[in-house]
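In: Have a look; sequence and predicted model below, questions after that.
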Amino acid sequence: MVRHFVEMLVAMVVGMVLLDPVWGLVVASDVLARGDVAALVMATDMTAGMSLWLWFRRHPWREVVGMAAAMYAPYLVLLGPFWAGWVSASALLVAGHVLMLPAMALVMWRHRP
């Protein structure tokens, strides 16, 4: 499970590095500067990289969907407090990343062989 977790982290970083420049070409920079948009774009980048790696490794689609949900769930939970002004943009990004890790571990544990 640890090796799989590390593979997912590497795939997420690769997704961010490769896809981040693309967003700058297709979305206005003032939109990307918003904390909520930045969080969801980053989650999308990481999910794309991770999903492609899971697909390459021939994981079932239900596992891919479960991991994708684990990537977005923390941000979706935190968006309400962010929009209410209770959480800053930097706290949204940091907390989303931190909460993503146990969410991913839970999905991996649930689908372990």
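Out: Arrived safely, thanks for sending.
In: and the helix or strand of the chain with the lowest mean pLDDT, what other elements does it pack with?
Out: When the helices and strands of the chain are scored by mean pLDDT, DSSP states H and E, helix 29-32 comes last with a mean of 76. With contacts taken as 3 or more C-beta pairs under 8 Å, 6 or more residues apart in numbering; DSSP states H and E, helix 29-32 sits against helix 35-56. Using the backbone N, CA and C atoms, a C-beta is placed for each residue, glycine as well.
In: Mind listing what's buried along the helix it packs on?
Out: Residues of helix 35-56 classed as buried under the neighbour-count rule (16 or more other C-beta atoms under 10 Å) are 35, 38-51, 53-54.
In: ok, and what's touching the least confident helix or strand of the chain?
Out: Residues outside helix 29-32 that contact it (C-beta atoms under 8 Å, 6 or more residues apart in numbering): 23-24, 37-38, 41.
In: same question, stretch 86-99
Out: Counting contacts by C-beta under 8 Å, 6+ apart, the residues outside stretch 86-99 that touch it are 34-36, 38-39, 42-43, 73-75, 77-79, 81-82.
In: Give me the distance from it to the chain's centre.
Out: Taking C-alpha atoms, centre = their mean, to the nearest Å, one finds stretch 86-99 lying 13 Å from the centre of the chain it belongs to.
In: from now on call the first residue 48
Out: Got it, first residue is 48 now, which makes that one stretch 133-146.
In: Now it: buried residues?
Out: Of the residues in stretch 133-146, 134, 139-140, 142-144, 146 count as buried by neighbour count, 16+ other C-beta under 10 Å.
In: Could you list the buried residues of the longest helix belonging to the chain?
Out: Across the chain, the helix with the greatest residue count (assigned by DSSP state H) is helix 49-73. Along helix 49-73, these residues count as buried under the neighbour rule (16+ other C-beta under 10 Å): 51, 55, 58-59, 61-63, 66, 70.
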